[in-house]
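**Student:** 3D model of this:
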Amino acid sequence: MDLSVNCQPLLQKNDSDDSDTERSGSSDIQNADIINDTENEGPKSSEGLMKFGNPGDRFNIAFLIFYLLGMTTLLPWNFFITADNYWMYKFRDVPSNTSLHGRSVLQAEFTSYLSLASNVPNTLFMILGALYGHRIPLKLRMIGSLLFILALFILTTSLVHVDTDSCELLFYCSVFKSKSVCVPGQQDFFVLTLTTVVILNVGTAVMNLGLYGIVGCFPHRYITAVVGGQALGGVFAALANIGSIWLGASPQSSALAYFLVADIVLLAALVAYIALASTTFFKFYMGLRLRPAPYSPSDDDDSGLVAQNISFVSIFKRIWVHCISILMVFVVTIGAFPAVTVLINSVNKSNKTPWNDVYFVPVVGYLLFSICDYSGRLLAGWWRRPRNSKWILFTMSILRIVFIPLFIFCNAQPRKSLPVLIDSDAYYILIMIAFAVSNGYLANITFINVPSLMSHAEIESASQIMTAWLSLGTSIGSGLSLLLIRLL
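**Tutor:** Residues are numbered from 1 along each chain as shown. Predicted structure coming up:
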């Protein structure tokens, strides 16, 4: 992380020339010292408060931007998994494919492979980023990754109306000044899509680490904004998908509008972050990292003002229970959602009603999960319990394993051997509500509790370690989901 962040409390003009605007790291530390001294003395007037006090989040703009950025961190995942009709069209049964009880092989296994392609590279780069990410400037991590994700989503959007069953694609190689012909077919489009997802999640991992490192320096309600935004992004993607189905357009036309919405949201997030990074509010809280905790303004030398050396081992010893808890939360969640839940149909399917045949999976499998997940995250922000009982969080995370067999014995189709024991839509909906609320609540409360165990200098590293363990949980869950699909 670049420590030369300007944390001056007000973007006031200097009487010196323009070169003074490029401050060194030591100047930033002095500014942080001024902030602290001013807070201790108290402002002499309202003007003094404006110049040296803790800057407020005017109109909650920063809070809303963190919400938007939270949505963006999971936007590729949310939009890819909820575009189920589009993928089922692309991988529909054709004479060259083998049918598996109404679904082609690619249709039945695509969601599980999508989870693996999303979460394994995400985990790898989360771990690498936690170890070496601080060497990359924050600006490059955030803005560069957002541009990277946007470019890949534009590529995905451009392929919507391409005939991936038999049509040829022409690729022009500007280096060799030649053309090559590729006949993708469904298998090749399958590989191309998963490759795009892998690369997308490399960018997402870099952005996630940067964002959690940033938000850890802010008050805990901003952590709630990020994790709440992640869940709200799922609601947004599910509503967009249901809206496209309701319009009655073809799967390709619906997907085109659907992915264009994602492109617009990504562009908005990029512009919003650039605006946020230029604010006094942002620079003030990022500047707090330059002060070790506790801070004593009476120190005579500058040695205490230098950023502390961060020990990952020391940090992990204090939060390892939280790491295991967040890992278990997402092992269970990704193990069942969406790979298994997307296969759970209404027990009354094929009675030719729109709810049972068309809307049941998008509404219950995606929208209901996202709304309840979002509600759980909000609940954790309002009711911060347990605060210090890490073992209660650990126990609750382990107990969620019960959801795996519950979902397996719901009406998931196709299945080859295991029986359907829960043959009620109402019971399935209740299970989904408990599953989603517990995921959102435990994910948020665990992240909220960690910064209170850290000094300001350690918060970013602790957040990155937690995010890496979260991502490891999603990778293990992805492998588990593929195993569960094949056990059905």
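**Student:** use CA for all of it now, contacts and neighbours both
**Tutor:** OK.
**Student:** so Lys349 is in which element?
**Tutor:** Assigned by DSSP states H and E, Lys349 falls within no helix or strand.
**Student:** same check on Val261?
**Tutor:** helix 251-277.
**Student:** strands of the stretch 151-300 of the chain, residue ranges please.
**Tutor:** Counting by DSSP state E, counting those that start in this stretch, the stretch 151-300 of the chain has strands at residues 169-173, 178-182.
**Student:** domain assignment for the protein?
**Tutor:** Listed by automatic domain parsing, the domain ranges of the chain are 1-54, 55-487.
**Student:** make TSV out of those domains and add mean neighbour count and mean pLDDT.
**Tutor:** Listed next are the domains of the chain as TSV, based on neighbours: other C-alpha atoms under 10 Å; pLDDT from 0 to 100:
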stretch	mean neighbour count	mean pLDDT
domain 1-54	15	37
domain 55-487	19	81
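**Student:** Arg400 and Ile264: what is the separation?
**Tutor:** Look at Arg400 and Ile264: by C-alpha to C-alpha, to the nearest Å, they are 36 Å apart.
**Student:** kindly report the same for Phe59.
**Tutor:** 23 Å.
**Student:** again with Thr156
**Tutor:** Going from Thr156 to Ile264 by C-alpha to C-alpha gives 14 Å.
**Student:** for Pro405, same thing?
**Tutor:** Distance from Pro405 to Ile264, by C-alpha to C-alpha: 39 Å.
**Student:** next: Ile429.
**Tutor:** The value you get for Ile429 to Ile264, if C-alpha to C-alpha is used, is 33 Å.
**Student:** what about Asp423, which SS state?
**Tutor:** Of the three states, Asp423 takes coil under DSSP: H, G, I helix; E, B strand; the rest coil.
**Student:** and the helix holding Val261, what does it pack onto?
**Tutor:** Judged by 3 or more C-alpha pairs under 8 Å, 6 or more residues apart in numbering; DSSP states H and E, helix 251-277 is in contact with helix 61-73, helix 75-82, helix 84-90, helix 145-158, helix 220-246.
**Student:** among these, which comes closest to Ala255?
**Tutor:** Closest of the helices and strands packed on helix 251-277 to Ala255 is helix 84-90, at 6.2 Å (criterion: C-alpha to C-alpha).
**Student:** now do the closest one: distance to the chain's middle.
**Tutor:** Computed by C-alpha atoms, centre = their mean, to the nearest Å, the chain-centroid distance of helix 84-90 equals 23 Å.
**Student:** quick one: contacts of that helix?
**Tutor:** 107, 164-165, 186, 251-252, 254-255 (C-alpha atoms under 8 Å, 6 or more residues apart in numbering).
**Student:** could I get these as a markdown table with distance to Gly228?
**Tutor:** Formatted as a markdown table, these follow (distance: C-alpha to C-alpha, whole Å):
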| residue | distance to Gly228 |
| --- | --- |
| Gln107 | 31 |
| Thr164 | 37 |
| Asp165 | 39 |
| Gln186 | 36 |
| Pro251 | 30 |
| Gln252 | 30 |
| Ser254 | 27 |
| Ala255 | 26 |
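**Student:** and the two most separated of those residues?
**Tutor:** The span of those, defined through C-alpha to C-alpha, is set by Gln186 and Ser254 at 19.6 Å.
**Student:** wouldn't Ala462 be in contact with Pro451 here?
**Tutor:** Yes: with contacts counted by C-alpha atoms under 8 Å, Ala462 reaches Pro451, the gap being 7.5 Å.
**Student:** now the helices for the stretch 1-150 of the chain?
**Tutor:** Counting by DSSP state H, counting those that start in this stretch, the stretch 1-150 of the chain has helices at residues 25-41, 46-52, 61-73, 75-82, 84-90, 105-132, 138-139, 145-158.
**Student:** packing partners of the longest one?
**Tutor:** In terms of contact count using 3+ C-alpha pairs under 8 Å, 6+ apart, helix 105-132 is assigned the packing partners helix 75-82, helix 185-215, helix 456-487.
**Student:** so which of the ones you listed is nearest Gly335?
**Tutor:** Nearest to Gly335 among those is helix 456-487 (4.1 Å), distances taken as C-alpha to C-alpha.
**Student:** angle of the closest one against helix 185-215?
**Tutor:** With axes from the mean of the first three to the mean of the last three C-alpha atoms, to 10 degrees defining the directions, helix 456-487 sits at 150 degrees from helix 185-215.
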